[in-house]
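Engineer: sequence plus predicted model, see below.
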Amino acid sequence: MNMAATGTLYGVGVGPGDPELITVKAYRMIQECAVVAYPKKRRGGKSYAHEIVELYVNPEEKEMLGLIFPMTKDPVVLEREWNKTVMACWEALSQGKDVAFVTEGDPNLYSTFIHLARLMKDLHPEVPIVSIPGISSVLGAAAALELPLADGDQQVGIIPATDDREAMKRAIENHDTVVFIKVAKVLDLILDVLDELNLGDRASVITKVTSPYEMVWHDARELRGQELEYLSLMVVSK
């Protein structure tokens, strides 16, 4: 482990939800690090990452560090809360303790670890930062659907779903396969675009992929007008 004056901050991907989809290296890191940091829900319950990591470590033998990430776009609140998060990690790192920040999926793909690592570099550039790759929900969805994402020269896009209709249309037109993440809030808009492109029958939706709560709809049109869980994604395959 790290012998430098400060500890190392590890971003550890623990997979999309199935506890068995954690890598051997991720398992080793959460065993070896003195501190395990995890996303903490503000109002009870546990994040997937927290649930998974508790299966593999004894919380009484670790320094468990729950971090709350603000769900707001207010820049003042964001800066204040993120600085608190970095400070909480820094307190352990400055004592020479290695910190494993566990995150769902992969730490470098739409993960809170990206911003945490960036801010840590700005405020404490002496801290070594290492990423441990994880299996993303995108790959979990392909397995659940038994659907290859790309073959040969095919192109695949991983796109955060937004209400920018033209951008969503271009994403579909420009790729052989598109995975729309966080699709719940704009599901009907995406379905409208697919209908316009005569691709309405080529989209599937998965919620909480690989977890015990996973739900699969092979025909996304069944979901028009319905509310979905936040952790939902759509796969459009031409």
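Structural biologist: Done, it's in.
Engineer: show me what the lowest-mean-pLDDT helix or strand in the chain is in contact with.
Structural biologist: When the helices and strands of the chain are scored by mean pLDDT, DSSP states H and E, helix 48-54 comes last with a mean of 89. Identification of contacts with helix 48-54 by CB atoms under 8 Å, 6 or more residues apart in numbering yields 14-17, 19, 22, 30, 36, 38-40, 46, 66, 102-104, 211. Any C-beta I mention is one placed from the backbone N, CA and C, and that applies to glycine too.
Engineer: mind saving the C-alpha coords of that helix as CSV?
Structural biologist: Output in CSV follows, covering the C-alpha atoms of helix 48-54 (Å, rounded to 0.1, in the frame of the first residue of the first chain):
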residue,chain,number,x,y,z
TYR,A,48,-26.1,0.2,-4.2
ALA,A,49,-22.4,0.8,-3.6
HIS,A,50,-23.0,0.9,0.2
GLU,A,51,-25.0,-2.3,0.1
ILE,A,52,-22.4,-4.1,-2.0
VAL,A,53,-19.4,-3.1,0.0
GLU,A,54,-21.0,-4.2,3.3
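Engineer: just how off-centre is it within its chain?
Structural biologist: 13 Å (CA atoms, centre = their mean, to the nearest Å).
Engineer: buried residues, that helix. List them.
Structural biologist: In terms of neighbour count (16 or more other CB atoms under 10 Å), helix 48-54 has its buried residues at 48-54.
Engineer: could you point out the helix or strand that follows that helix?
Structural biologist: Later in the chain than helix 48-54, the nearest helix or strand by DSSP states H and E is strand 63-67.
Engineer: who does that next one pair up with?
Structural biologist: Here strand 63-67 has these sheet partners by DSSP bridges: strand 35-39 (parallel).
Engineer: output the below-cut-off pLDDT ranges for this protein.
Structural biologist: Where the chain drops to pLDDT under 70, the residues are 1-4, 42-44.
Engineer: about what we covered before: buried subset of the contacts of helix 48-54 as a ChimeraX selection?
Structural biologist: Only the buried entries of the contacts of helix 48-54 go into this ChimeraX selection, using 16+ other CB under 10 Å:
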select :14,15,16,17,19,22,30,36,38,39,40,102,103,104,211
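Engineer: residue 120 contacts residue 11, doesn't it?
Structural biologist: No. Counting by CB atoms under 8 Å, residue 11 is not a contact partner of residue 120; they are 10.2 Å apart.
Engineer: so which of these two has more stuff around it?
Structural biologist: Just comparing residue 120 and residue 11: by other CB atoms under 10 Å the higher neighbour count belongs to residue 11, 26 against 22.
Engineer: who are the contact partners of the more buried one?
Structural biologist: Counted by CB under 8 Å, 6+ apart, residue 11 has contacts 101, 103, 107-108, 111, 113, 116-117, 129-132.
Engineer: give me the distance between residue 102 and residue 232.
Structural biologist: 22 Å (CB to CB, to the nearest Å).
Engineer: for residue 13, name its beta-bridge partners.
Structural biologist: Beta-bridge pairing for residue 13 (DSSP bridges): residue 103.
Engineer: may I have the phi/psi pair for residue 110?
Structural biologist: Main-chain torsions, residue 110, degrees, to the nearest 10: phi 50, psi 50.
Engineer: number of nearby residues for it?
Structural biologist: Neighbours around residue 110, by other CB under 10 Å: 16.
Engineer: contact partners for the residue lying closest to it once chain neighbours are set aside?
Structural biologist: The spatially closest residue to residue 110, leaving aside those adjacent along the chain, is residue 181, at 6.6 Å (CB to CB, 6 or more residues apart in numbering). The contact partners of residue 181, by CB under 8 Å, 6+ apart, come to 110, 137-138, 158-161, 233.
Engineer: do you know how far residue 181 is from residue 116?
Structural biologist: 19 Å.
Engineer: all good on my end, thank you.
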